[in-house]
Each structure stands twice: as C-alpha cells, then as structure tokens.
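>>> Need coordinates for the following:
(one chain, ligands or ions: 1)
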Amino acid sequence: MNVPSLSRPLSASQAQDFQPERLKLQVENFSLHYGREQVLQDIHLALPAKRVTAFIGPSGCGKSTLLRSFNRLNDLIEGCVCRGDIRLDQESIYAPGRDVVELRRRVGMVFQKPNPFPKSIYENVAFGLRVQGIRDRRTLDDVVEFSLRAAALWDEVKDRLHDNGFDLSGGQQQRLVIARALAVEPDVILLDEPASALDPISSLKIEELINELKHSYTIIIVTHNMHQAARVSDYTAFLHQGRIIEFGDTDSIFTNPSKRQTEDYITGRYG
Ligand SMILES: Nc1ncnc2c1ncn2[C@@H]1O[C@H](COP(=O)(O)OP(=O)(O)OP(=O)(O)O)[C@@H](O)[C@H]1O
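This is a model prediction of the structure:
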C-alpha cells in the first residue's frame, strides 16, 4: 500500500486507505437514538493518530453527540441506544466488558464552559492520579508540572499552585481543565467548543495550544467558528441531520468542497 507522508494532510480517500496502525479511531456504521429520535445515522469515519479533526455543521446536527460517543459519555443519557461500532487502536470501545473508566482515561474530554473542581490548581491537576491511588509526592509534583507545562499554563501559575482553580481567568481555567485531562496520559482529547466562551486572546491561546498538543495526542474539536476550524484542524467532517456529508483534509473542505451542502454551510448560506 502506498503510505502517504504523515507530514502532509491526507485526502479523504487516502485516510480511508491509511495503514491501520496509524488510524486512531474508526467509526463503523454507527447510529444513535435518543429514545425515538435518531440523532446519528450510518456514520463511517477513519481518524489518523496525532492529527486534529474538526466536526462542523448546523446546530443540532449531532456533532456533540458524535464527540461524546468516543468516550461513551452518551451511556449516561437515559434512553440512548447506539448501533455499529467505534474502534480505538483497533479495539471496539463498545465491546461487552469494555472498561469504561479506562476508556475515559484514554479519551479525555473538555467542555465549552471551563469546569475546574473547587480545589487548588495543584489538586485539580493531581485529581485523576489521586483517584488512581497515587500518593507519592514526587510523582504528583512531576505530573502536575508536566501537565501544566503541556497546557501552556505553568509559567502563569507556578507561584500560586495552591490558589483555588476558580481564581484563574476563564481562559486559564480552560487550560487548567486541559492540564487535568493530560495528567492521566490520554491518547485522544475531545474538545467541545473549547474556546467559544472565551475572549479572543484566550481563544487564540487555546488554538496555539491545540497546535502544540497535536504532536502528542489525537484531537477532535467541535466548533461553530469556521475560521477556527480552518486554522486548527488537519481534517474536517461536515455533519448535517446526523449524517457525515463530507470528510476530508481541511484545506480541500474549505477551498474546494465536493458537496453543495458543505459549500453552502461554510460560506454561511445556512446554519
Ligand atoms: N441528552 C439528550 N437527550 C435527548 N436528546 C438530545 C440530548 N442531547 C442532544 N439531543 C438531541 O440530539 C440532537 C443532536 O444534538 P447535539 O447536541 O449532538 O447537536 P450539535 O450539532 O452538537 O448542536 P449544537 O451545535 O447546537 O451544540 C438534537 O436534536 C438534540 O436536541
């Protein structure tokens, strides 16, 4: 098989053809209902490792639902039923007996509104390790520093690690939440409109952070901001009424979409 260079984005057909070990997530014939309402229909997607994929589409088309399917957060919603499969590193995440706690450690999630815990900056980041029973101070210190550096927050908080997380600005809180997700060594980070509640400068900092993090993590971002999708993502999936209308490398989707619906959406004709 002709394996494209990882330094260049893939076209949709190349992504389908991509070597299995470099695919992080594969969605196969995936459908989801909330009660009687079908929200996702026959989704097929193949997402390469260590790349950023953006989900775009009009309000209510199912972007957040699809995002939540990658770490089975929808399981917590009563009446939610799904069919088909999602594989992480070739293994089904919906297989009977799958350890969902471990899945959510590997597939971390950051929401639109920063949600630090009412604890110190240090304890916010150390939280997941403490839950795992890790008590060794040196280990905790190292992971807290590593995670805060990786989230581009260390320099701003290193002298106030024992201040409450709520004392930070909104943008800093969002980076704190990202540090908390990084501390448990995820493979995948799901970002649901992570910058939409932030001011423009904080929003740009999150975008810069995403550009750094993609060297180490596979990232999926839901965003309503077309400029942001174009800036931060390598691939884009356009959803409409629960279906993937088009998926491909971001440059192609934004400059030369193959479907009329995609073009109408990204040029602001609807949605
Ligand atoms: N917990 C829930 N229970 C029942 N229906 C839900 C639930 N969450 C979402 N829905 C419905 O599922 C559909 C898809 O919602 P979802 O939030 O995934 O869309 P979205 O594309 O992310 O929308 P937005 O851009 O407005 O956030 C909508 O019709 C919504 O009303």
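>>> switch to C-alpha atoms for all contacts and neighbour counts from now on
Fine.
>>> Skipping adjacent residues, who's closest to the residue of the stretch 101-250 of the chain at minimum distance from the ligand in space?
Using CA to the nearest ligand atom, the single residue of the stretch 101-250 of the chain nearest to the ligand is H224, 6.8 Å away. Take H224 and drop its neighbours on the chain: the residue closest to it by CA to CA, 6 or more residues apart in numbering is I56, 6.4 Å away.
>>> Please apply the same query to Q241.
Spatially, and ignoring its direct neighbours in sequence, Q241 is nearest to C61 (4.5 Å; CA to CA, 6+ apart).
>>> A helix includes S31, no?
No: going by DSSP: H, G, I helix; E, B strand; the rest coil, the assignment for S31 is strand, not a helix.
>>> I'd say V100 and R72 touch.
Yes: when contacts are counted by CA atoms under 8 Å, V100 is listed as touching R72 (7.4 Å).
>>> Which one of those two is surrounded by more residues?
Neighbour totals were compared for V100 and R72, and R72 leads with 20 against 15 (other CA atoms under 10 Å).
>>> residues touching the more buried one, list them.
Applying CA atoms under 8 Å, 6 or more residues apart in numbering, we find R72 in contact with V100, R104.
>>> Same check on F166?
P116, P118, Q173.
>>> Could you tell me the per-residue confidence at the first one?
In the prediction, the pLDDT value recorded for P116 is 97.
>>> mind listing what L47 touches?
Counting by CA under 8 Å, 6+ apart, L47 has contacts A15, L23, K24, L25, Q26, T53.
>>> Tell me the spacing between G79 and the ligand.
8 Å (CA to the nearest ligand atom, to the nearest Å).
>>> For that residue, which non-adjacent residue is closest in space?
G35 (4.8 Å).
>>> and that neighbour, how far is that from V184?
33 Å (CA to CA, to the nearest Å).
>>> higher neighbour count, these two?
V184 (21 against 12).
>>> Look up the closest residue to the residue nearest the centre of the chain, ignoring the ones flanking it.
The residue lying closest to the centre of the chain (CA atoms, centre = their mean) is L190, at 1.8 Å. With CA to CA, 6+ apart as the criterion, L190 has its nearest non-adjacent residue at 4.6 Å, and that residue is M109.
>>> I'd guess that neighbour is in a strand, am I close?
Yes: judged by three-state DSSP, M109 forms part of a strand.
>>> if we can go back for a sec, where does the residue of the stretch 101-250 of the chain closest to the ligand land on pLDDT?
pLDDT at H224 comes out at 94.
>>> so it touches G57, yeah?
Yes: contact criterion CA under 8 Å: H224 and G57 qualify, at 7.4 Å.
>>> Compare neighbour counts for those two and give me the winner.
Ranked by neighbour count (other CA under 10 Å), H224 and G57 place G57 first, with 26 against 18.
>>> My read is that the more buried one contacts G242, right?
No: contact between G57 and G242 fails when scored by CA under 8 Å: they sit 9.6 Å apart.
>>> coming back round to it: for the residue nearest to H224, what are its contacts?
With CA under 8 Å, 6+ apart, I56 has these contacts: K63, V222, T223, H224, M226, A229, T236, A237, F238, L239.
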